[in-house]
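Participant: missing the sequence, but the structure's below:
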């Protein structure tokens, strides 16, 4: 009975896949993942809050009021105020804009460069692959945060320079993933057929190889957004990232550490926002990985 039910379920799944296509099957499996839905909900709510921050805040993030310093969370100030009397709720939402924007920019830069380098290494191989791979090995042997600190110290502070510093740390991993994907695909029959019909190497890479390597890149990108936010917050915490008065979760956390014993909310709430964002992106990345892996069909 159990086997017959399993066969019937597999048959229904196969018929559904034929009707909806591969993309429809991926979307259906993703939406069946409860943890993935939780992660997506967290990210969507967070994006709505930070993008539409003016609609959800009463005070400008820069407005100071020394008579309202260290106000405990209340109806007027949901998360309280900091040492300058600035509303922490406003600073959290506007700071989320900076954290997410810098993280996404760093992700785009690292993935674009990583895809190009990885595709070159995997497709052409030989001495080009050996030289570039050894350089990537050196970069990957350095702890990510230490490399980001070194890059930020050399480049300077500010959102753009912070994004570049974070991108440098993520590029080797993106290149490695792309190289592995290209190596596993370039020997397939459809690639050989494209070469036999006279397609140029650039066309083979862009039209036949790259579209078939996007799944691991997308999963890696989704999970790296959270780690990028952590790295940005870490750089800001040590004074090498986004600097005051621009709000950013790490810089808010760093500015409030000296008041931790006297007024814990100034440190607790930035840490909660960072933790929720990391949690949301990580479980969303796990759900995407499961949905894109054909071996994990229900």
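Facilitator: Good, I have the coordinates. The shown structure was predicted, so the numbers you read here are calculated from the model rather than taken from an experiment.

Participant: and for the residue lying closest to residue 33 once chain neighbours are set aside, the neighbour number?
Facilitator: Spatial nearest neighbour of residue 33, excluding adjacent residues (Cβ to Cβ, 6 or more residues apart in numbering): residue 287 at 4.3 Å. In this view, the C-beta of every residue, glycine as well, is placed from N, C-alpha and C. By other Cβ atoms under 10 Å, 24 other residues sit near residue 287.

Participant: which ones are touching residue 287?
Facilitator: Applying Cβ atoms under 8 Å, 6 or more residues apart in numbering, one finds that residue 287 lies in contact with 30, 33, 35-37, 39-40.

Participant: and which of those is nearest residue 174?
Facilitator: Residue 174 lies nearest to residue 39 out of the contacts of residue 287, by Cβ to Cβ, at 21.4 Å.

Participant: how far does the host helix or strand of that closest one sit from the chain's center?
Facilitator: Take DSSP states H and E as the rule and residue 39 turns out to sit in helix 34-51. Taking the mean of its C-alpha atoms, helix 34-51 sits 13 Å from the chain's own mean (Cα atoms, centre = their mean, to the nearest Å).

Participant: ok, now stretch 165-172?
Facilitator: Chain-centre distance of stretch 165-172: 12 Å, with Cα atoms, centre = their mean.

Participant: residue 289 is in contact with residue 218, correct?
Facilitator: No. At 9.1 Å, residue 218 does not count as touching residue 289 under the criterion of Cβ atoms under 8 Å.

Participant: contacts only, for residue 172.
Facilitator: Contacts of residue 172 (Cβ under 8 Å, 6+ apart): 114, 136, 139-140.

Participant: and it, how far from residue 209?
Facilitator: Applying Cβ to Cβ, to the nearest Å, the value for residue 172 to residue 209 is 20 Å.

Participant: and residue 97, by the same measure?
Facilitator: From residue 97 to residue 209 the distance is 36 Å (Cβ to Cβ).

Participant: check the most centrally placed residue in the chain and give its pLDDT.
Facilitator: In the chain, the centroid-proximal residue (Cα atoms, centre = their mean) is residue 225; its distance is 1.3 Å. The predicted local distance difference test score for residue 225 is 82.

Participant: following the helix or strand hosting it, which helix or strand comes up?
Facilitator: Under DSSP H and E, the secondary-structure element containing residue 225 is helix 214-237. Tracing the chain C-terminally past helix 214-237 and defining elements by DSSP H and E, one meets helix 249-256 next.

Participant: which elements pack onto that next one?
Facilitator: Contacts of helix 249-256 with other secondary structure elements, assessed using 3 or more Cβ pairs under 8 Å, 6 or more residues apart in numbering; DSSP states H and E, are made with helix 88-124, helix 214-237, helix 265-292.

Participant: return the set of buried residues in the first one.
Facilitator: I take that to be helix 88-124. 88-100, 102-103, 105-107, 109-111, 113-115, 117-123 (16 or more other Cβ atoms under 10 Å).

Participant: before we move on, what about stretch 235-243?
Facilitator: By neighbour count with 16+ other Cβ under 10 Å, stretch 235-243 contains the buried residues 235-237, 240-242.

Participant: now these in a markdown table, with distance to residue 128 and pLDDT?
Facilitator: What follows is the buried residues of stretch 235-243, written out as a markdown table (distance: Cβ to Cβ, whole Å; pLDDT from 0 to 100):
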| residue | distance to residue 128 | pLDDT |
| --- | --- | --- |
| 235 | 33 | 86 |
| 236 | 38 | 82 |
| 237 | 39 | 79 |
| 240 | 34 | 83 |
| 241 | 35 | 81 |
| 242 | 37 | 80 |
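
Participant: farthest pair within those?
Facilitator: For the buried residues of stretch 235-243, with distances taken as Cβ to Cβ, the pair at the greatest spread is 237 and 242 (10.5 Å).

Participant: residue 273 reaches residue 92, doesn't it?
Facilitator: Yes. Residue 273 is within contact range of residue 92, at 5.6 Å (criterion: Cβ under 8 Å).
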